[in-house]
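**Q** below are the sequence and a predicted model; questions follow.
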Amino acid sequence: MEQDRDICREAERSIIKKYRKQIWRKFTKAINEYEMIQDGDRIAACISGGKDSMLMAKLFQELLRHGKKNFELVFLVMDPGYNEKNYDMIRHNAEILNVPVTFFKTEIFEIVSGEDMNSPCYLCARMRRGYLYSKAKELGCNKIALGHHFDDVVETILMGMLYGSQIQTMMPKLHSTNFEGMQLIRPMYLIREEDIIRWMHYNELQFIRCACRFTERLAAGGAGEGEAEVSSKRDEVKTLIREMEKKNPSVAKNIFRSVENVNVDTVIAYKKNGIKHHFLENYDR
């Protein structure tokens, strides 16, 4: 028990001290710059059990401890069908890091694994988000927080261009279209994944990597063609960015900034509120 308290104290101390610049300041900067939290908010910090969401939980605790925001927190863990080992690891990490989690169970993995499709990740993500919104609203929350980080954003931008023929980004916050009054926020938006990994290793913590059944099947060589393709695309983009950064360390930052510096006057076509506009509409005006 005392050892667990020491682990927790050091994990908290390292956020504020050793990784203050790389993690804590970027966390608070994202919250302030994108106006993610308002007084009176009740936020469901959604924990998958991985390194990103567990760090997010600790960051929120530190914000309540040191910040000036008048808001409430619920630490929400949805069990979409974890195997026993992953479930136990999530519960163990929550205990040693002193994160008071609220568990609730769904059958998402069972439902999605029974579907024959080329985009299982898309369906799974939509279902997970829907269940999280619903449970958070039931608990009196008006926002859910997800642990997506800077590299998730950059990879999403590049994947959209290379495989989706579109320029779009993962937004720092969103209004829910299906749950009135609910919002999604991503407070880890400016934090690099490599710094999250460094924090994890420094504190000798271990988290679940991916509890997805498709990933397990892929590792075992039993995944379908569509499932393998989804996984490989993100891995390819992650590797591509990593290789480019060896020659130009600013590559990821430049990709991120590119969607902040869009010059509509030099874009052939764009969509606004679902309506497509073409440069020829105003060319001779």
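**A** Yep, that arrived. The structure displayed is predicted, hence computed values, not measured ones. Residues are numbered from 1 along each chain as shown.
**Q** where does the residue minimising distance to the centre of the chain land in three-state SS?
**A** Of all residues in the chain, the one closest to the mean position by CA atoms, centre = their mean is His148, 1.9 Å from it. Under DSSP: H, G, I helix; E, B strand; the rest coil, His148 falls in the coil class.
**Q** okay, and the beta partners of Leu174?
**A** Leu184 (DSSP bridges).
**Q** any idea how far it lies from Ala30?
**A** Between Leu174 and Ala30 the distance is 14 Å, computed by CB to CB, to the nearest Å. Just so you know, the C-beta spots here come from the backbone N, C-alpha and C atoms, and that holds for glycine as well.
**Q** likewise Pro187?
**A** Relative to Ala30, Pro187 is positioned 6 Å away (criterion: CB to CB).
**Q** same check on Arg9?
**A** Applying CB to CB, one obtains 25 Å for the distance of Arg9 from Ala30.
**Q** those two: which has the busier surroundings?
**A** A side-by-side neighbour count of Arg9 and Ala30, using other CB atoms under 10 Å, places Ala30 first with 21 against 11.
**Q** counting neighbours, what do you get for Asp41?
**A** A count of neighbours around Asp41, defined by other CB under 10 Å, yields 18.
**Q** cool, the one 5 residues further on as well?
**A** As a burial measure, the neighbour count of Cys46 was computed by other CB under 10 Å and equals 25.
**Q** for it, list each beta-bridge partner.
**A** Partner residues in beta bridges with Cys46: Leu76, with DSSP bridges as the criterion.
**Q** for it, which residues are in contact?
**A** Contacts for Cys46 were tallied using CB atoms under 8 Å, 6 or more residues apart in numbering; they are 53, 76-78, 132, 136, 144-147.
**Q** let's test this: mean pLDDT of whichever strand or helix holds Thr239, rounded?
**A** In this structure, Thr239 sits in helix 225-247 according to DSSP states H and E. In this model, helix 225-247 carries a mean pLDDT of 80.
**Q** I'd like the next helix or strand past that helix.
**A** Elements were assigned by DSSP H and E; along the chain past helix 225-247, the next helix or strand is helix 251-258.
**Q** and that following helix, what does it pack against?
**A** Using 3 or more CB pairs under 8 Å, 6 or more residues apart in numbering; DSSP states H and E as the contact criterion, the elements in contact with helix 251-258 are helix 150-164, helix 225-247.
**Q** ok, residues contacting that helix?
**A** 150-151, 153-154, 157-158, 192, 241, 244-245, 248.
**Q** which pair of those residues spans the longest distance?
**A** Maximum pairwise distance in these, criterion CB to CB, is 18.3 Å, between Val153 and Asn248.
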